[in-house]
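sequence and predicted structure, then a few things I'm wondering about:
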Amino acid sequence: MKEIYFVRHAESDSKNSSSRSRPLTEKGLKDRERITEFFKDIPLDKIYSSPYKRAVDTVLPLAQDKGLIIHTNADFCEWHGGNPFPKEEFLVLIQEMWRDFTRQSGGCESLQALERRSLRALYTVLNDREVHSAAIGTHGLILSVLIHAHYPIFSFDRFREILHVTPWIVKMYFDGNTCAGMRFINPLADKKNTKVIGVRTYETGTLSGYRFVVIFAKHKGKWVYCRAKTRAGFETAGGHIEEGETPVMAAKRELFEETGARDFTIRPLFDYAVDKEDEYSNGQVFYADISAFSPLPDYEMAEVCLLDGIPSVMRFEDILPHLYEKVSEALSSKKPFLR
């Protein structure tokens with residue numbers, strides 16, 4: 001997958017009314033150092049930016065550190081506000097426009113038009129064969145609209161929450177032009193917010209971009225769970241889809257590596273997405289019927305257990321019960337199994 005990092009600019013001088021030439025404040029100039037620090041061990045193929053000064057200046061030290069030039073693209077510029085209006089009316093106007101993306105007022109750009117040009121700019125990056133990983137310097141509203149285009153539950157309220165978070169990084173994972181997940185990163189914050197706020201499920205093939213697989217399996221009528229050497233709770237087999245793998249290939253590999261399953265049938269049941277406070281990711285859930293095991297491979301798992309239901313002590317306690325319920329419903333399907 002391609003990894004695209006959107007970098008919202010650091011704090012800018014609001015006293016400067018020119019959107020194009022507005023500079024960073026002293027705090028912004030200092031805070032941008034955290035951007036360079038964040039990317040220290042992350043390889044980047046190219047760096048892009050809105051041509052506006054505050055966006056370019058935010059990623060400039062990063063470009064210098066990586067030995068890369070900054071490719072500017074006007075389509076990454078901030079929303080065009082049209083006729084001047086009092087700052088205190090900004091949120092009221094944007095909230096009204098968020099309800100109707102086609103709305104224009106006072107010569108301003110509609111959010112629909114903003115979304116279209118942001119996607120146009122993004123696709124030029126995604127279609128560049130030289131790019132596997134890139135950083136893009138941009139702005140708060142255009143970035144929020146771009147997030148909403150791939151992740152519709154990102155609402156006006158979420159935009160309002162990040163309005164004063166500068167700088168801000170959004171990492172997006174892309175399979176072709178399909179976004180398979182996002183991470184929301186505040187480089188100035190000490191902690192990551194990992195609380196699960198929701199689990200969404202879809203018919204198989206709905207999401208098309210996947211990062212994870214989860215395998216619910218049975219052996220002789222019992223559910224199969226495994227426990228990692230470093231943890232107390234039990235979990236289903238599952239993990240990241242590795243480069244070059246299809247979801248079913250990853251599911252078969254993870255099932256063997258984490259349970260020792262040797263002979264089994266397997267099929268996809270449904271797609272899922274997990275929403276956390278600072279990220280979301282897509283995956284696919286499989287069901288396997290295991291007839292025989294090999295010795296447990298000496299990887300990360302310490303033991304395997306067979307249970308009638310879900311474990312009383314489990315990992316992913318905000319996710320596993322929800323998926324277990326959906327799996328129980330999906331098992332009435334008559335789709336053929338894969339070997």
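Good, I have the coordinates.

distance of Gly107 relative to Phe90?
Distance, Gly107 to Phe90, using Cβ to Cβ, to the nearest Å: 15 Å. Using the backbone N, CA and C atoms, a C-beta is placed for each residue, glycine as well.

of these two, who's got more company?
Between Gly107 and Phe90, Phe90 has the larger neighbour count (other Cβ atoms under 10 Å), namely 13 against 9.

and the gap between the more buried one and Val196?
Distance, Phe90 to Val196, by Cβ to Cβ: 32 Å.

could you do Arg34 as well?
According to Cβ to Cβ, Arg34 and Val196 sit 27 Å apart.

what ranges do the strands span in the stretch 151-300 of the chain?
Under the criterion DSSP state E, counting those that start in this stretch, strands of the stretch 151-300 of the chain are mapped to 168-175, 178-185, 196-202, 212-219, 222-228, 234-235, 237-240, 261-276, 279-293.

quick one: low-confidence parts of the stretch 201-339 of the chain?
Scanning the stretch 201-339 of the chain for pLDDT under 70 picks out 333-339.

tell me, how many neighbours does Gln112 end up with?
Look at Gln112: counted by other Cβ under 10 Å, it has 14 neighbours.

buried residues in stretch 51-62?
Using 16 or more other Cβ atoms under 10 Å as the test for burial, stretch 51-62 gives 52-60, 62.

closest one of the residues you listed to Leu122?
Leu122 has its nearest neighbour among the buried residues of stretch 51-62 in Ala55, at 15.1 Å by Cβ to Cβ.

which residues touch the nearest residue to that closest one once chain neighbours are set aside?
Leaving out its chain neighbours, the residue that sits closest to Ala55 by Cβ to Cβ, 6 or more residues apart in numbering is Gly137, at 4.1 Å. Gly137 makes contact with 7, 9, 47-50, 55-56, 58-59, 70, 76 under the criterion Cβ atoms under 8 Å, 6 or more residues apart in numbering.

mind redoing it with 7 Å?
Residues near Gly137 by Cβ atoms under 7 Å, 6 or more residues apart in numbering: 7, 9, 49-50, 55-56, 58-59.

ok, Leu141 next?
Taking Cβ under 7 Å, 6+ apart, we find Leu141 in contact with 78-79, 94.

a markdown table for these, including secondary structure and pLDDT?
Putting those into a markdown table (DSSP: H, G, I helix; E, B strand; the rest coil; pLDDT from 0 to 100) gives the following:
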| residue | secondary structure | pLDDT |
| --- | --- | --- |
| Glu78 | coil | 95 |
| Trp79 | coil | 94 |
| Ile94 | helix | 94 |
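
can you lay out these as a markdown table showing distance to Phe154 and neighbour count?
A markdown table is the format used below for the contacts of Leu141 (distance: Cβ to Cβ, whole Å; neighbours: other Cβ atoms under 10 Å):
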| residue | distance to Phe154 | neighbour count |
| --- | --- | --- |
| Glu78 | 18 | 21 |
| Trp79 | 16 | 21 |
| Ile94 | 14 | 21 |
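
got the angle for the single longest helix found in the chain vs strand 168-175?
Counting residues, the longest helix found in the chain (DSSP state H) is helix 111-126. Angle, helix 111-126 to strand 168-175, by axes from the mean of the first three to the mean of the last three Cα atoms, to 10 degrees: 60 degrees.

for the helix or strand just after helix 111-126, what is the average pLDDT?
Using DSSP states H and E, the helix or strand that follows helix 111-126 towards the C-terminus is strand 133-138. For strand 133-138, mean pLDDT rounds to 98.

quickly note the distance from the residue sitting furthest away from the middle of the chain to Val327.
What lies farthest from the middle of the chain is Lys220; by Cα atoms, centre = their mean that is 37.4 Å. In this view, Lys220 and Val327 are 18 Å apart by Cβ to Cβ.

check Arg32 too.
46 Å.

tell me which of the two has more neighbours.
Neighbour count, other Cβ under 10 Å: between Arg32 and Val327, Arg32 has more, with 26 against 19.

domain parsing for this structure?
Segmentation of the chain into domains, based on automatic domain parsing, reads 2-185, 196-330.
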